[in-house]
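Participant: sequence first, predicted coordinates after that:
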Amino acid sequence: MLDLKLIRKNFEYVKERLKTRGEEYARLVEEVYNLDKKKREIQKEVENLRALLNKKSKEYGRLKREGKEDPSLKEELASLKKQLAQLEEELKQLEEKLKDLLLRIPNIPHPSVPVGEDENDNVEIRRWGNPPKFDFEPLPHWEIGKKLGILDFDRAAKLSGSRFVVKKGLGARLVRALINFMLDRHTARGYEEVYVPHLVKPEILIGTGQLPKFEEDLFKCERDNLYLIPTAEVPLTNLHREEILKEEDLPIYYTAYTPCYRREAGSYGRDIKGLIRLHQFDKVELVKIVKPEDSYEELEKLVRDAEEILQALELPYRVVELCTGDLGFSAAKTYDLEVWMPSYNRYREISSCSNCEDFQARRMKLRYKTKDGKNVLCHTLNGSGLAVGRTLAAILENFQQKDGSVVIPDALRPYMGGLEVIKPPEGE
RNA sequence: GGAGGGGUGGCCGAGCGGACGAAGGCGCGGCGCUGGAAACGCCGUGUGCCCGAUUUACGGGCACCGAGGGUUCGAAUCCCUCCCCCUCCGCCA
């Protein structure tokens, strides 16, 4: 949520900055600006009227206790009350409308973010590692997985429909290994491991920005008014919502493994094969709650922490800075990590690291008290560290061998009971 | 699912329909006492929003005692609905 005061004070600036995300937001900001103006006028009236009513009501009570009841005063009070009720209703409607609009305006991109329309305008920052060269025709991961007997999309469809997967044997083991490996790495670097609920209330999703605008992307348990989390960012970032933290509590670093549930509405036909786009996938997430002045330094560190996993797994990747048009709703600045995928012959997103500044903090009233006693909104950051399914896909594709086997990266072997290679079943 | 108890400020905890943003205690900050400290004494210490002069510091107002509604001139206090927590019983991984 944007600061209303900022919209009031720097209306043109906000409008211009949001335009870099898409033309439609300028109109929204204008609407908010006008509504806010009107709202404050009415609020002033309401508060003045209520002050008067409070005063007269006390007067009436005083007289009554003295046995000098005044019927004309009582009448006056009744008419004031009626007037007030009308104005209050008007105010309430304005406030609701205003709040709803405000919740639908995305974050302002940081000045350093390149202006652009879509992913084609993203800027590559650096590369690490070299894509492998094969002296045979490399297979896509879903075929490798099928041949190894570790991925089963057909039976998953039997259970749950499209965009689900069943992992078996060493496939299931590999998932567990990756999760443990990632969590161990992150906790060693100062993140506290957290295990969170996977079902959350609507206001929690408003807090991180998924609601009200992206309802159709979420799985909802209607009966209980709970949503399945689309990422651990949601419960992790909201952990301290409506709290006023002590300055010495910051920074807070959290990491959590959770499954993530996404309806993938509007992505029909995209990435229909393989592990890239599923309704349910596993992810280890990183979340930071920090002081505003530190947040951009923390973002760089966060990216390094995610990169470290890819490096340890010897997976070639590049770091990309998202342009204004490709930026997520809550983010002020985002780096994507893209891993090399031989079957696509290009890099594909495997992590997204964002600084949301105070955008989420304002929505969830997440603050800290400074040394001189002021309450200040925290800055929140989040990043994948990493998407487990896509990591698995990248390992299968990048480490595949001519004979159909897949070499397990060194760093992962201790988590696989020392296993070095996954080989196809005998006799195939 | 059944029966009962409860949600008040950073925490504990009191609260008769007006004098209650709320006693008291703890904690925290300042000052005093002290060679220094403990103990003690005094003072201060919630959040959000609006308006006004102003660079902040200031002054005024409104709201907030789990949430929403109602009764009343007036609600933390009475009534209704909902949510959450706790205890016991049942069921259950």
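Facilitator: Nice, thanks for sending it over. Owing to the predicted nature of the structure, the values given are computational and were not obtained by experimental measurement. Numbers count the residues shown, from 1 in each chain, chains lettered A, B, ... in the order given.
Participant: quick check: residues of the stretch 101-250 of chain A near RNA strand B?
Facilitator: A:I244 (C-beta under 7 Å from any atom of the strand). Backbone N, C-alpha and C define where each C-beta goes, glycine included.
Participant: closest point of chain A to RNA strand B, which residue?
Facilitator: Nearest to RNA strand B in chain A, going by C-beta to the nearest atom of the strand, is A:G61, at a distance of 2.5 Å.
Participant: check which helices and strands the strand or helix carrying that residue sits against.
Facilitator: Using DSSP states H and E, A:G61 sits within helix A:24-65. Under the contact definition 3 or more C-beta pairs under 8 Å, 6 or more residues apart in numbering; DSSP states H and E, helix A:24-65 sits against helix A:4-9, helix A:11-19, helix A:71-103.
Participant: which residues touch the residue nearest to A:R21 when sequence neighbours are not counted?
Facilitator: Spatial nearest neighbour of A:R21, excluding adjacent residues (C-beta to C-beta, 6 or more residues apart in numbering): A:T324 at 5.4 Å. Counting by C-beta atoms under 8 Å, 6 or more residues apart in numbering, A:T324 makes contact with A:T20, A:R21, A:P109, A:V113, A:P114, A:V115, A:G116.
Participant: which parts of the stretch 201-350 of chain A are strands?
Facilitator: A:220-221, A:226-228, A:244-246, A:252-261, A:280-290, A:317-321, A:333-341, A:346-355 (DSSP state E, counting those that start in this stretch).
Participant: got these as CSV, with mean pLDDT and mean neighbour count columns?
Facilitator: Below are the strands of the stretch 201-350 of chain A laid out as CSV (pLDDT from 0 to 100; neighbours: other C-beta atoms under 10 Å):
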stretch, mean pLDDT, mean neighbour count
strand A:220-221, 87, 13
strand A:226-228, 89, 20
strand A:244-246, 85, 14
strand A:252-261, 96, 21
strand A:280-290, 97, 25
strand A:317-321, 98, 21
strand A:333-341, 98, 24
strand A:346-355, 97, 22
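Participant: out of those, flag the one nearest A:L396.
Facilitator: Closest approach to A:L396 among those is made by strand A:333-341 (10.0 Å; C-beta to C-beta).
Participant: list the neighbouring strands of that closest one plus their orientation.
Facilitator: Sheet pairing of strand A:333-341 (DSSP bridges) gives strand A:317-321 (antiparallel), strand A:346-355 (antiparallel).
Participant: what about A:G145, which helix or strand?
Facilitator: Per DSSP H and E: helix A:141-148 holds A:G145.
Participant: check which helices and strands that helix is in contact with.
Facilitator: Judged by 3+ C-beta pairs under 8 Å, 6+ apart, helix A:141-148 is in contact with strand A:151-152, helix A:170-188, helix A:388-398.
Participant: give me the angle between that helix and helix A:170-188.
Facilitator: Here helix A:141-148 runs at an angle of 120 degrees relative to helix A:170-188 (axes from the mean of the first three to the mean of the last three C-alpha atoms, to 10 degrees).
Participant: hmm, who's touching helix A:141-148?
Facilitator: With contacts defined as C-beta under 8 Å, 6+ apart, helix A:141-148 is touched by A:139, A:151-153, A:170-171, A:273-275, A:341, A:343, A:392-394, A:396-397, A:400, A:404-406, A:422-425, A:428.
Participant: which among those count as buried?
Facilitator: Buried by 16 or more other C-beta atoms under 10 Å: A:139, A:151-153, A:170-171, A:274-275, A:341, A:343, A:392-394, A:396-397, A:400, A:404-406, A:422, out of the contacts of helix A:141-148.
Participant: looking at chain A, which helix or strand is least sure?
Facilitator: strand A:244-246 (a mean of 85; mean pLDDT, DSSP states H and E).
Participant: sheet-wise, list the partners of that strand with their directions.
Facilitator: Partners of strand A:244-246 in its sheet, by DSSP bridges: strand A:367-369 (parallel).
Participant: so what's the gap between the partner strand and the chain middle?
Facilitator: Centroid separation between strand A:367-369 and its chain, computed with C-alpha atoms, centre = their mean, to the nearest Å, is 21 Å.
Participant: what's the following helix or strand after it?
Facilitator: Where DSSP H and E defines the elements, the next helix or strand beyond strand A:367-369 is strand A:375-377.
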